[in-house]
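Student: Next one to model:
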Amino acid sequence: RVERAEEELTKMLAEFMPVIVVITKARADQNFRATVQSLLHHARNVVRVRAIREELDDGHAIPQMGLQELIDLTMEVVPEGQRRAFIAAQKVDIALKKKQSHLIVAGAATAAGAVGATPIPFSDAALIVPIQVGMLAGITATFGLAFNEGFLLSLLGSVITGTGATITGRAIVGGLLKFIPGAGSLLGGIISASTAAAITTAFGEAYIATLEALFAKHSGEPPTTAEVLETFKREYDKKS
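Tutor: Next up, the predicted model:
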């Protein structure tokens, strides 16, 4: 049933924020959702949700329902400034976390490429690593985790020697060419920029794939640092 106090609460909250009403432990509707919507008409929407799978005594089971719809509706009304926090906090929609994380990777790759294009020989590494750590920190926060900077640095260090002779060679050649004035410096910048962007993208996409796989494995619960480290190496090898 809908209590009078709930009607007043919904009306009061709706003056300051969008309100979505959730009918919990939902089973047969019997037109109850429509009744709730008519009584709590200040709410934006009403969602029927069953958050966990329910086992019945006769051996049958009632599956989860409504969680994805609730996430989608919430994303429509959450203010832009709070969306990243909401994406990190929710555990239902991993695709939403991935979408935000891909944007972080794209931004970091652009920034790393810009640093790689600078004409100062071998200046790239000291400036690019903080960009990559910041990228991993952003993805970490998006997935609702709390790994510290030391762990993220060790994560990069675990694969930095495995970037491959080709990429390493290109980085060295790019740095050396920057010593040559004019065309050599320009060419060196192009090589270094593309290398920096490629490595940064590979790091970021491997990390996203790692967290996606581990969250799926643990049904939305956080993985251990050891699992992340092991899986990250494997995913990076696929993408590098």
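
Student: give me the low-pLDDT residue ranges for this structure?
Tutor: Within the chain, the ranges that satisfy pLDDT under 70 run 81, 89, 92, 116-126, 160-192, 239-240.

Student: so where do the strands sit in it?
Tutor: Using DSSP state E, the strands of the chain run over 20-23, 45-48, 54-55, 61-62.

Student: Nearest to residue 150 among the ones you listed would be which one?
Tutor: Residue 150 lies closest to strand 20-23 among the strands of the chain, at 39.7 Å (Cβ to Cβ). In short, each C-beta sits where N, CA and C put it, glycine included.

Student: Work out the gap between that closest one and the centre of the chain.
Tutor: Distance of strand 20-23 from the chain centroid (Cα atoms, centre = their mean, to the nearest Å) equals 26 Å.

Student: Okay, now the sheet partners of that strand, with direction.
Tutor: strand 45-48 (parallel) (DSSP bridges).

Student: And the contacts of stretch 43-61?
Tutor: 10, 14, 18-27, 29, 33, 36-37, 40, 62-67, 69-70, 73, 77 (Cβ atoms under 8 Å, 6 or more residues apart in numbering).

Student: which among those residues end up buried?
Tutor: Among these, those classed as buried by 16 or more other Cβ atoms under 10 Å are 10, 19, 21-23, 26, 33, 36, 40, 66-67, 70, 73.

Student: Save those as TSV, and put in distance to residue 143 too.
Tutor: Converted to TSV, those look like this (distance: Cβ to Cβ, whole Å):
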residue	distance to residue 143
10	32
19	28
21	29
22	24
23	29
26	29
33	32
36	34
40	34
66	23
67	18
70	19
73	22
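
Student: Pull the most distant pair out of those.
Tutor: 10 and 67 (21.3 Å).

Student: Longest helix of this structure, counting residues only.
Tutor: Taking DSSP state H as the criterion, the chain has its longest helix at helix 183-217.

Student: same for that one, what does it pack against?
Tutor: Contacts defined by 3 or more Cβ pairs under 8 Å, 6 or more residues apart in numbering; DSSP states H and E place helix 183-217 against helix 94-116, helix 124-142, helix 149-160, helix 165-177, helix 225-239.

Student: Endpoint to endpoint, stretch 51-60 covers what distance?
Tutor: End-to-end distance for stretch 51-60: 17 Å, by Cα to Cα, to the nearest Å.

Student: and it, how far out from the chain's middle?
Tutor: Taking Cα atoms, centre = their mean, the mean C-alpha location of stretch 51-60 is offset from the chain mean by 32 Å.

Student: Around residue 79, how many other residues sit close by?
Tutor: For residue 79, the neighbour count with other Cβ atoms under 10 Å is 9.

Student: for residue 109, same thing?
Tutor: Using other Cβ under 10 Å, residue 109 is surrounded by 23 other residues.

Student: So it sits against residue 203, correct?
Tutor: No. Judged on Cβ atoms under 8 Å, residue 109 makes no contact with residue 203 at a distance of 9.3 Å.

Student: Turn the strands of the chain into a markdown table, columns for distance to residue 94.
Tutor: Shown next, in a markdown table, are the strands of the chain (distance: least, Cβ to Cβ, whole Å):
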| stretch | distance to residue 94 |
| --- | --- |
| strand 20-23 | 21 |
| strand 45-48 | 20 |
| strand 54-55 | 23 |
| strand 61-62 | 23 |
